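**Student:** generate a structure from the sequence data that follows.
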Amino acid sequence: MRMTVVTDRRGRVIASAEGAASSPRKRRGMTATIVPEPGQKLHEVDVPASYAKLEPLDLLKALSKTLKR
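**Tutor:** Prediction:
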């Protein structure tokens, strides 16, 4: 599964979304994507499908570990 992760200047995960920001999906005629603020960075990462079942705080912890590899 592909996810987009946003980190702050210190590299801390501050947001995530399923899918890749570089290829946004259209739904009902609308397209949405993530745009980082100054000092923030986007990461597109492949994660196990099991991440979709994680609670929000557990997901943030797992994504943080994924980015540190």
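
**Student:** could you pull up the residues touching Gly39?
**Tutor:** The contact partners of Gly39, taken as Cβ atoms under 8 Å, 6 or more residues apart in numbering, are Asp8, Arg9. C-betas here are computed from N, CA, C, even on glycine.

**Student:** so it: helix, strand or coil?
**Tutor:** coil (DSSP: H, G, I helix; E, B strand; the rest coil).

**Student:** ditto for Ala17
**Tutor:** Each residue gets one of three states, and Ala17 gets strand by three-state DSSP.

**Student:** quick one: contacts for it?
**Tutor:** For Ala17, the residues meeting the contact criterion (Cβ under 8 Å, 6+ apart) are Met3, Thr4, Ile34.

**Student:** so what's it bridging to?
**Tutor:** Listed by DSSP bridges, the beta-bridge partners for Ala17 are Thr4.

**Student:** contacting residues for Glu44?
**Tutor:** When contacts are counted by Cβ under 8 Å, 6+ apart, Glu44 is found next to Arg2, Met3, Thr4, Val5, Ala20, Ala21, Ser22.

**Student:** show me what contacts the fifth one?
**Tutor:** Taking Cβ under 8 Å, 6+ apart as the definition of contact, the neighbours of Ala20 are Arg2, Met3, Thr4, Glu44.

**Student:** and these, which of them are buried?
**Tutor:** With burial judged by 16 or more other Cβ atoms under 10 Å, the buried subset of those is Met3, Thr4.
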